[in-house]
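# My questions are about this predicted structure, shown below with the sequence.
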Amino acid sequence: MNGKTVSCGIVLLDPNGRVLLAHATGTGHWDIPKGQGEPGESEAQSALREMAEETGIAIDASRLVDLGRFVYRRDKDLHLFAARAEAGELDLSQCHCVSLFPRRHDGVMIPEMDAWVWVAPADVDQYASRSLARLFGTTLSLAELHGQL
């Protein structure tokens, strides 16, 4: 074991090849729905649970394409899956986040994610963290993925 944590997530693309990003509450960061697995979960189960918790979108495991593990940061790798959003999943006003965390200044429990947006590959850098933007800019082309799904 290399001491890195592994975060599992889903790159959800709409029919136009835009990627779903979620806004991390109280930060300037937008990210794909992802998180660490719980004991006994497979990577796919973790990714599906995180998607459901952070967006309210429940995806059937049969729709996932396993993209594998990617170097993300010094302390973290990503195990990513891809899926194409279906018609009922495109309206992001229906999204909601059920995973909560304590707000720094007062401990009040608040949603982990508080906004969602479809972002064209060319615009990802304006939203995503440097680590995520670098991943999509170098190792994992959203345009190529769009063509494969």
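Ah, there it is. Numbering: from 1, shown residues only.
# Confirm for me that Thr139 is in contact with Arg69.
No - judged on Cβ atoms under 8 Å, Thr139 makes no contact with Arg69 at a distance of 10.9 Å. Glycine gets a C-beta too; all of them are placed from N, C-alpha and C.
# and Trp116, how far is that from Arg69?
25 Å (Cβ to Cβ, to the nearest Å).
# Kindly apply the preceding question to Arg103 instead.
As judged by Cβ to Cβ, Arg103 and Arg69 stand 32 Å apart.
# same deal with Thr27?
25 Å.
# Those two - which one has more neighbours?
Arg69 (14 against 10; other Cβ atoms under 10 Å).
# Once you drop chain neighbours, what's closest to that one?
Nearest residue to Arg69, sequence neighbours excluded (Cβ to Cβ, 6 or more residues apart in numbering): His79, at 4.9 Å.
# Give the buried residues for the strand or helix carrying that neighbour.
Using DSSP states H and E, His79 falls within strand 76-84. The neighbour-count criterion (16 or more other Cβ atoms under 10 Å) identifies 77-84 as the buried residues of strand 76-84.
# for the residues you listed, which one is nearest Gly37?
The closest of the buried residues of strand 76-84 to Gly37 turns out to be His79 (Cβ to Cβ; 8.7 Å).
# so the closest one bridges to which residues?
On the basis of DSSP bridges, His79 is bridged to Cys8, Arg69.
# need the helix or strand of the protein with the lowest average pLDDT.
Within the chain, no helix or strand scores below helix 130-134, which has a mean of 92 by mean pLDDT, DSSP states H and E.
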